[in-house]
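In: all I have is the shape, not the residue letters:
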Ligand SMILES: C[S@@+](CC[C@H](N)C(=O)[O-])C[C@H]1O[C@@H](n2cnc3c(N)ncnc32)[C@H](O)[C@@H]1O
Ligand SMILES: O=c1cc(-c2ccc(O)cc2)oc2c(O)c(O)ccc12
């Protein structure tokens, strides 16, 4: 087809209109997912064991039959967003889960703590306490508060968590749920933890990451350092100890100093301060031997050149979110390297096998 200049321009404008509308309505996808989670749709579809028809789904959800049409539309959007698939069986269409919806099951038992599950992380991201501050981005640009969270609440996320037990629980459960993904790789980390007797998990939250590590390396001892209100109710065990404190002023000594999704919470100045503290701790701890006296960081490494499109987009979203919520940022390899060298470290090694995150070993 030979389009005239005017036809091409018109088509371009219509395409741009579709593009704009798609982004303007992005929140409809998040909200539809929120609704599906509230209703427990991933659990129902998974537990059905075979494709579930729209009528069966309506009935299991105990919804009025008049809502069938609406539920079908919701499911169609969630199928398009890869949270469910639809297949034909015996002439009837039925919904089946995808890997994404299997990770969003609501009902997992306490003893399946290290089975990957992201329900609590999703619940946190979709909570009004986290969604509301986005509305104030424009106001924040014209104001003096350091984050949009402070524009809305007057205090930082950490102070807010300290003062609001419900938010504290929501936040800690979300981070714990993210840590459950670590159970997928802990057993591959023999090289990284070979000969290591002690680990301090800095900003280790309620300790799930430490527990997963200790399951893979039972001979180790682990100290979890976190803010006092986070570790207040935690109970020490033989090889797991909780310490309340501020990582900006004190890091307990150990063979390995671990930071999982912690350093991206901080700006360069604070990360430098923390890394220098680590360097001091390693120097005075005098750890000798393979793997003794190193820092291990599990965090994003932004690499727009090599990352796949969805990973790139997610890293950009995290970067913006980190920046506006807690003054943190996602870093490129060059940005990480600059901080390591400035803090007095001489070498580092990056292993990319954690999806969005990479594991960085930093040596003195
Ligand atoms: C993003 S969460 C990561 C939690 C855990 N590492 C994980 O991956 O699940 C950041 C953690 O840092 C803790 N934190 C924030 N400021 C801190 C500080 N000044 N000293 C120690 N921990 C801090 C928070 O309470 C929170 O548990
Ligand atoms: O303080 C936060 C906030 C988020 C957050 C903000 C907005 C969203 O739409 C989703 C998530 O995530 C955080 C996070 O992942 C983290 O490691 C520390 C703090 C926060």
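Out: Yep, it's here. Please read these numbers as outputs of a predicted model, since none were measured by experiment. Ligands and ions are numbered 1, 2, ... in the order given.

In: any idea how far residue 140 is from ligand 1?
Out: Relative to ligand 1, residue 140 is positioned 21 Å away (CB to the nearest ligand atom, to the nearest Å). (Each C-beta comes from the backbone N, C-alpha and C, glycine too.)

In: which of the helices or strands spans the residue lying closest to residue 343 once chain neighbours are set aside?
Out: The shortest distance from residue 343 to any non-neighbouring residue, by CB to CB, 6 or more residues apart in numbering, is to residue 275 (3.5 Å). Using DSSP states H and E, residue 275 falls within helix 268-285.

In: residue 3 too?
Out: Counting by DSSP H and E, no helix or strand carries residue 3.

In: relative to residue 127, how far out is the nearest residue to it once chain neighbours are set aside?
Out: Nearest residue to residue 3, sequence neighbours excluded (CB to CB, 6+ apart): residue 11, at 7.2 Å. The spacing between residue 11 and residue 127, counted by CB to CB, to the nearest Å, is 41 Å.

In: who has more neighbours, those two?
Out: Relative neighbour count places residue 127 above the other of residue 11 and residue 127, with 16 against 11, counting by other CB atoms under 10 Å.

In: poorly predicted segments of the stretch 1-150 of the chain, please.
Out: 1, 109-111 (pLDDT under 70).

In: can you map out the strands along it?
Out: 84-89, 92-97 (DSSP state E, counting those that start in this stretch).

In: how about the stretch 201-350 of the chain?
Out: Counting by DSSP E, counting those that start in this stretch, the strands of the stretch 201-350 of the chain are 221-226, 240-244, 256-260, 294-302, 331-332, 347-354.

In: longest helix of the chain?
Out: helix 5-24 (DSSP state H).

In: contacting residues around it?
Out: The contact list for helix 5-24, computed with CB atoms under 8 Å, 6 or more residues apart in numbering, reads residue 3.

In: ditto for stretch 66-83
Out: By CB under 8 Å, 6+ apart, the residues outside stretch 66-83 that reach it are 28-29, 32-33, 35-36, 41-42, 54-55, 57-58, 61, 63, 84-86, 95, 98, 100-101, 104.

In: go again using 6 Å as the cut-off
Out: For stretch 66-83, the external contacting residues (CB atoms under 6 Å, 6 or more residues apart in numbering) are 29, 32, 36, 54, 58, 84, 86, 98, 100-101.

In: swap in stretch 325-340?
Out: Taking CB under 6 Å, 6+ apart as the rule, stretch 325-340 contacts 146-147, 149, 157, 264-267, 271-272, 300-302, 315, 318-319, 322-323, 348, 362.

In: apply 8 Å and report the result again.
Out: With contact meaning CB under 8 Å, 6+ apart, stretch 325-340 is reached by 130, 133, 146-149, 156-158, 264-268, 271-272, 275, 297, 299-303, 315-316, 318-319, 322-323, 348, 350, 360, 362.

In: go on, stretch 103-118?
Out: The contact list for stretch 103-118 (CB under 8 Å, 6+ apart) reads 37, 40, 42-43, 46, 83, 119, 122, 177-178, 180-181, 183-184, 208, 211-212, 215.

In: take the strands of the stretch 1-150 of the chain and write them to CSV, including mean neighbour count and distance to ligand 1.
Out: Compiled in CSV, those are given as follows (neighbours: other CB atoms under 10 Å; distance: least, CB to the nearest ligand atom, whole Å):
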stretch, mean neighbour count, distance to ligand 1
strand 84-89, 13, 28
strand 92-97, 18, 25
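
In: save the ones you listed as TSV, and put in distance to residue 226 too.
Out: Formatted as TSV, the strands of the stretch 1-150 of the chain follow (distance: least, CB to CB, whole Å):
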stretch	distance to residue 226
strand 84-89	37
strand 92-97	34
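
In: so which of these is nearest ligand 2?
Out: Among these, strand 84-89 comes nearest to ligand 2, with 22.3 Å by CB to the nearest ligand atom.

In: most packed of the strands of the stretch 201-350 of the chain?
Out: Each of the strands of the stretch 201-350 of the chain was given a mean neighbour count from mean count of other CB atoms under 10 Å, and the largest, a mean of 27, is that of strand 256-260.

In: hang on, the earlier thing: near ligand 1, which of the contacts of stretch 103-118 show up?
Out: When contact is defined as CB under 6 Å from any ligand atom, those meet ligand 1 at residue 178.

In: out of the contacts of stretch 103-118, which are buried?
Out: 37, 42-43, 46, 83, 119, 122, 177-178, 180-181, 183, 208, 211-212 (16 or more other CB atoms under 10 Å).

In: which of the residues you listed sit farthest apart?
Out: Pairwise distances across those (CB to CB) peak at 29.2 Å, for the pair 83 and 211.

In: sounds good, over and out.
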